[in-house]
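Visitor: got a sequence here, can you model it:
(chains A and B)
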Amino acid sequence: MSSATSIEQQVRVKPDTTRGDRPAKKTSTEAAGGHPWHFFVLLSLVAATVAVVLSRQATPAHLIVISITMAAAGVAAAALYRMLAPLLVREVSTFNEPLTERARSTFEREKTLVLRSIKELEFDRAMGKLSAKDFDEMSGRLRARALMLMKQLDEGSGYRAEIERELRERMKVRLKPETPDVRLEPDTTAAHGVRLQADTEAGPERSSACACGTVNDDDAIFCKRCGAKLVLVSAADDSNSSE
Amino acid sequence: MPALGTFLLLSTFVVCAYAVAASVAGARRRSERLIESGIGALYLIAALMTVASALMIHAFVTDNYAIKYVQRYSDSAQPLAYKIASYWGGLDGSIMFWVFLLSVFGSTAVKVNREKHRELIPWVVSVIAATEMFFIFLMVVHNNPFSTFLTPPPTDGRGLNPLLQNFYMAIHPPSLYTGFVAMTIPFAFGIAALATGHLDDAWLRAVRRWTMIGWLFLSFGLTLGMLWAYEELGWGGFWGWDPVENAGLLPWFTATAFLHSVMVQERRGMLRVWNVTLVILTFFLTIFGTFMTRSGVVQSVHAFGEDRELALLFTIFMVAILTTSFGLVIYRLPLLRGRHELDSWVSREAAFLVNNWILLFSAFFVLFATMFPTLSEALRGERLTVGPTFFNTWMLPIGLILLLLTGIGPLLAWRKSTIANLLQQFLWPSTGALTAIVALLAFGVRVWSSGICFALSAFVFVTIAQEFVRGARVRQRATGTDILTAMIGLVARSKRRYGGYIVHLGIVLIFLGFAGQGFKQEEQVVLKPAQQVTVGHFTVRHDGLAVTSDNQKQMITGHVSVFKDGKSLGVLEPARWFFNKHEDQPTTEVAIRRSGAEDVYVVLAGYDVASQSATYAITVNPLVNWIWIGFGVMAIGTGIALLPDIAFSFAIARIPSTATTSLLLLLLVFPAGLRAQHAENPQEVLTVPKSALERDLQKEIICMCGTCGRKRIGECTCARAARMREEVSTLVADGKSREDVYQYYIAKYGSQEPLASPINKGFNRLAWLFPYVLGTSGAVAVAFAAIRWSHRQVESPSTSVSVGINPELQARLDDELRDLD
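Guide: Here you go, the predicted model:
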């Protein structure tokens, strides 16, 4: 979420009722009470007025159709703006919902489904559609399933810590120069290496230098001048210096 | 103006291409910018199509005959409403209207769902935009509605087809198209789910609502089509199994099947592949229906004429749809495998399986029978007619089985029902059905199909009433409120379930209307002034003819007085209208005296102004109005099922305690009170069919005029049908048998085309065999699946794993269940 809040425009974080939080952009013009669509409405009204005044045929049906056409043209202009505007802002990473959240929402959905099934079963039983024996058997099965899901959900809070711990361990292993993994997947490992360094040691201000002498950003994978891969060099340097 | 229209279409095509590219790239790269831009492009498509549509309507309103399409489908004398309706009255405009509706619907669906289904939205956008792209491509390269005359344009237009100048026909296509385009939304979500692999039940929630909306519009469109056929075509019926009517019915069957089977997936996690397949099939059938109507592969009163190039383009598109969709289904099969366990064959799941089998059988049977003439022509070079007789042979029992299932389904519990429970559940509905049978026998009703239909209707009605009453009682016990509040709370709590029951009630009313057809009485008579004829309880007297005209048409109007048991019911004025420039296509303006019990339906079939004599086709149609009322009830039920929770809680606070009663009272139709009048001077009349064989043959031979939609000669009111009726009459009078008459017409037209059903011999036997093969293979497939799932359940009974009896967790579960209303 921090990456979303750091974009150049003013950003307001709006809680998403369905899945996690999602950034909602709001420009300074909007904050002052003006919206782009105000402009387009105004434009449509002016265009419709001009078209009606200039129209040679003046039956009511004709004038109404002209006005509707102009209003639709205004909507088209607004839609064109809506299509182009996102291309002018900086990229915001999407689908950034953590894996654990997804798993959790799946479990939640399944739990709701099972609870509803139990309620329906109780309702059917109360309406006399089920025998006591069948009800007990099926209800028992569904309750067991619900309890299992609740248990998994309760334990689920530990997922994130567990995954982060595992990730940290794996990356630590890969950073060691003698680890064969570095050779097997040089690009990804090195990229992770640079990011880990940035997080754990130098901080965001640290830069890495290329063989050509250009100073690049610390998270750069390729040199911005000569295009050479930086990552292996950085990773190796980092690991050497740590030794 | 035309140049601007063409430019807009081209621009929309480019924007569609951009929307597809941006959305797919955005989804692949996980780029919010591209995805948002793709969504914006979809909105832009809707806006551009709105401008283009407004331009087209402007051209119609201002009589801009420089545009070919406007010149062909309107004229200056046409009323404004029909000028606007002309927009979708022809092939080119109907495609444009289709894209306009799809763009508006697609944008709305994306706007509503973009936060809830973020992963799916870029793929949804790309599928909708790709579909729009295809239709715009058709317009740009083949059917540009803005194309102009190269020579100086004519000073006036040719006018809209007179048959389409009817209120119901003006609103029928928008409704049917809306139903069709709405089915694109579930398909787009289905493909998005397959493409992303997010095949949990989340996508179903969006899909289910949009399918319900599409289903409602489809039902509305079909009902309007029936009303139009009833009021405009003048043959006394409302459904003639015309290929274009069938095109609307096909996706309705599969959508209905989906709306039922989706519940099985939601409740039990079963039928995942099947549900995706139904979504794809429904969309495919909407495109196939459009193809049938527009390519001319079938002959119909509604079809737009033969167009081989268009047929080829549609075929390519349909192949692409099937290949991509089912390719994705196969690719995602591992993710689509669900837990298939069938606890018992006597359960709601099993009932839904049978329901799906019947509905799919109906869809494929209707599809096959509709396409059989085309198939026969392609393979053997002989054009046939598959008429209502053939369809009714199968669809009548199928309809009755579906009605029975409508009653049985709600009585069964999910998972398992025991004998004792079944007895308790079926007691009252069966009593209701038996009472109906006894009453029918007592009243001397001997039409078996209608009798069974009435009995089954009673069964379903009591089932629904029982569900409401017992459910309300259970809720009353739980909440301590009065029964009415409990009932409203019950509906509010399970809107889909009880909304669905109200839809079932609508179905019952519709079936009552169908059952009434078994008691339909028809007469064709030639009457001179003051002569009269009696049909059923009604006496119809011919008073005279009037010839009038306005600036659009000439009208020949018959004046007839209608009496029931001696009491005058008023004057009816059936007419023939001859629209300027369409004098060869006179329209039949039917005069109907409506009531809840029966309609008196009078058609002016022929006339002689000099002698003031007229030929009338008089039909007494019992219970027919319950079909339209039934649709109204279905719409209310669907509306309830679609209502958001908040809307219902708002409504509950304001519903007066008598609301339900008032609503039911509103639905009742009472005949108007009329003063008594006695008929005088009855004279002898001439009934046209002189024998039973002649009457039968009038239903078995179709009119070959080519413009009436292949109606049976007993129903068609055109001059060719009148000549054919006389021909049949002469043949029968000469002592020819049924077979001789058949052979006479086969020899005369060189094929079996004049026969309402193909003769069951040689290649045609395929048509008669197909339903048996289809039904049997479907039944075997359903039984095979059911047996397999039952075994799986037996093999793995240990789903009730012990989680360790944690009392705290148990207590929490009880709390959560208590809170879940």
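
Visitor: in three-state terms, label the nearest residue to B:F631 once chain neighbours are set aside for me.
Guide: Setting aside the residues directly before and after it, B:F631 is nearest to B:T223 in space (CB to CB, 6 or more residues apart in numbering or on different chains), at 4.3 Å. The way it works is simple: take the backbone N, C-alpha and C, and place the C-beta from them, glycine included. Following DSSP: H, G, I helix; E, B strand; the rest coil, the label given to B:T223 is helix.

Visitor: got a pLDDT number for B:T223?
Guide: For B:T223, the pLDDT comes out at 90.

Visitor: same question for B:M212.
Guide: 92.

Visitor: surely it meets B:L259?
Guide: Yes - with contact defined as CB atoms under 8 Å, B:M212 and B:L259 form a contacting pair (6.6 Å).

Visitor: which one's more surrounded, these two?
Guide: Per other CB atoms under 10 Å in any protein chain shown, whichever of B:M212 and B:L259 has more neighbours is B:M212, with 24 against 20.

Visitor: in which helix or strand would I find the more buried one?
Guide: For B:M212, the element it lies in under DSSP states H and E is helix B:202-228.

Visitor: so which elements touch the next helix or strand after that helix?
Guide: Next along the chain after helix B:202-228, taking DSSP H and E as the criterion, comes helix B:243-268. Packed against helix B:243-268, as judged by 3 or more CB pairs under 8 Å, 6 or more residues apart in numbering or on different chains; DSSP states H and E, are the following elements: helix A:99-126, helix B:167-182, helix B:202-228, helix B:272-295, helix B:348-380.

Visitor: mind checking those for the one nearest to B:I488?
Guide: helix A:99-126 (16.4 Å; CB to CB).

Visitor: now do the strands in the chain.
Guide: No chain in the question, so chain A it is. A:11-15, A:21-25, A:207-209, A:215-217 (DSSP state E).

Visitor: wrong one, chain B
Guide: For chain B, applying DSSP E gives strands covering B:521-527, B:532-535, B:538-549, B:553-564, B:567-572, B:575-579, B:587-589, B:591-593, B:598-608, B:613-622, B:686-687.

Visitor: what pLDDT does the model give B:Q743?
Guide: What the model reports for B:Q743 is a pLDDT of 82.

Visitor: how far away is it from B:V571?
Guide: Per CB to CB, to the nearest Å, B:Q743 is found 46 Å from B:V571.

Visitor: ranking the strands of chain A by mean pLDDT, which is last?
Guide: Among the strands of chain A, strand A:11-15 has the lowest mean pLDDT, at a mean of 36.

Visitor: quick check: domain ranges of chain B?
Guide: As given by automatic domain parsing, the domain ranges for chain B are B:1-160, B:689-759.

Visitor: redo these as TSV? Include mean neighbour count and distance to chain A.
Guide: Formatted as TSV, these follow (neighbours: other CB atoms under 10 Å in any protein chain shown; distance: least, CB to the nearest CB, whole Å):
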stretch	mean neighbour count	distance to chain A
domain B:1-160	22	3
domain B:689-759	18	32
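
Visitor: which of the ones you listed has the lowest mean pLDDT?
Guide: Within the domains of chain B, the stretch with the lowest mean pLDDT is domain B:689-759, showing a mean of 77.

Visitor: now do it: distance to the chain's middle.
Guide: Put simply, domain B:689-759 sits 29 Å off its chain's centre (CA atoms, centre = their mean, to the nearest Å).

Visitor: also stretch B:155-175?
Guide: How far stretch B:155-175 lies from its chain's middle: 20 Å, per CA atoms, centre = their mean.

Visitor: same check, this time on stretch B:238-250
Guide: The chain centroid and the centroid of stretch B:238-250 are separated by 8 Å under CA atoms, centre = their mean.

Visitor: ok, for residue 52, nearest residue in space, not its chain neighbours?
Guide: All of this is about chain A. In space, and not counting its chain neighbours, A:V52 is closest to A:L63: 5.4 Å by CB to CB, 6+ apart.

Visitor: sorry, should have said chain B
Guide: Spatial nearest neighbour of B:A52, excluding adjacent residues (CB to CB, 6+ apart): B:L8 at 4.3 Å.

Visitor: so who does the one you found touch?
Guide: B:48, B:51-52, B:55 (CB atoms under 8 Å, 6 or more residues apart in numbering or on different chains).

Visitor: likewise for B:V110?
Guide: B:39, B:42, B:121, B:124-125, B:128.

Visitor: gap between it and B:T323?
Guide: The gap separating B:V110 from B:T323 is 25 Å, by CB to CB.

Visitor: swap in B:L402?
Guide: 32 Å.

Visitor: phi, psi of B:P754?
Guide: Dihedral pair for B:P754: phi -70, psi -10, per degrees, to the nearest 10.

Visitor: surely it meets B:M704?
Guide: Yes - between B:P754 and B:M704 there is a contact under CB under 8 Å: 5.7 Å.

Visitor: now the helices for chain A?
Guide: With helices called from DSSP state H, chain A shows them at A:2-5, A:28-31, A:36-54, A:60-88, A:99-126, A:132-156, A:159-175, A:180-184, A:186-197, A:231-242.

Visitor: worst average pLDDT in these?
Guide: Among those, helix A:2-5 carries the lowest mean pLDDT, at a mean of 36.

Visitor: what's the closest non-adjacent residue to the most centrally placed residue in chain B?
Guide: Geometric centre of chain B, nearest residue: B:L222, 3.4 Å, by CA atoms, centre = their mean. Of all residues not flanking B:L222 in the chain, B:G248 sits nearest, at 5.3 Å (CB to CB, 6+ apart).

Visitor: and B:R497, how many neighbours?
Guide: Residues near B:R497, counting by other CB under 10 Å, number 17.
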